[in-house]
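Enquirer: Sequence plus predicted model, see below.
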Amino acid sequence: MAAIITDQLRILNAKNFVAGIQSSDNSYYAFIGLPNALSYQATWDQSPPTPIDSLNQSNDDWDTMLAMKKINSSDVSQVVRKNVWTSGITYDM
C-alpha cells in the first residue's frame, strides 16, 4: 500500500513538534533503555512485532530505562540535511 505522507506533511509535523517543545504547556522527554535482543527477530519484514496493547508491556519500558532527559527548547532546532555534492552523481529529490 502506498503512503500518502508528503514532504509538506513532514515539514508541518516537524514545525508542530518544535512549537510543542517551545510551549510551556507540554513536556517532552527522551530516554535510553536496556535492549532486549530476544524480543526482536531477524524476520522483521515478514512478521513485525505486534503493537504494545497492555499495561504490562508498557511497564517493561519503564522498568528497563537507564537514563531520561527533559527536552528543552534550546535542545531542538529544525534543520535541513547536509549533502556534499559531487559532480556526476544523481541525487534523490
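Expert: That came through, no problem.

Enquirer: State the mean pLDDT of the biggest helix by length in the chain.
Expert: Longest helix of the chain, by residue count under DSSP state H: helix 7-22. Computed over helix 7-22, the mean pLDDT rounds to 90.

Enquirer: same deal with stretch 35-47?
Expert: What stretch 35-47 shows for mean pLDDT is 65.

Enquirer: So the residue most central in space within the chain, which state does it fall into?
Expert: The centroid of the chain falls nearest to Ala30 when counting by CA atoms, centre = their mean (10.0 Å). Following DSSP: H, G, I helix; E, B strand; the rest coil, we place Ala30 in the strand state.

Enquirer: how close does it get to Ser73?
Expert: For Ala30, the distance to Ser73 equals 14 Å [CB to CB, to the nearest Å]. For glycine as for every other residue, the C-beta is placed from the backbone atoms N, C-alpha and C.

Enquirer: Asn59 sits in which helix or strand?
Expert: Here Asn59, judged by DSSP states H and E, is contained in helix 55-63.

Enquirer: Need the contact partners of that helix.
Expert: The contact list for helix 55-63 (CB atoms under 8 Å, 6 or more residues apart in numbering) reads Gly33, Ile52.

Enquirer: what packs against the next helix or strand after that helix?
Expert: Using DSSP H and E, the helix or strand that follows helix 55-63 in sequence is strand 65-71. The helices and strands touching strand 65-71, judged by 3 or more CB pairs under 8 Å, 6 or more residues apart in numbering; DSSP states H and E, are strand 28-33.

Enquirer: angle of the strand it packs on against helix 55-63?
Expert: Comparing the axes of strand 28-33 and helix 55-63 via axes from the mean of the first three to the mean of the last three CA atoms, to 10 degrees yields an angle of 90 degrees.
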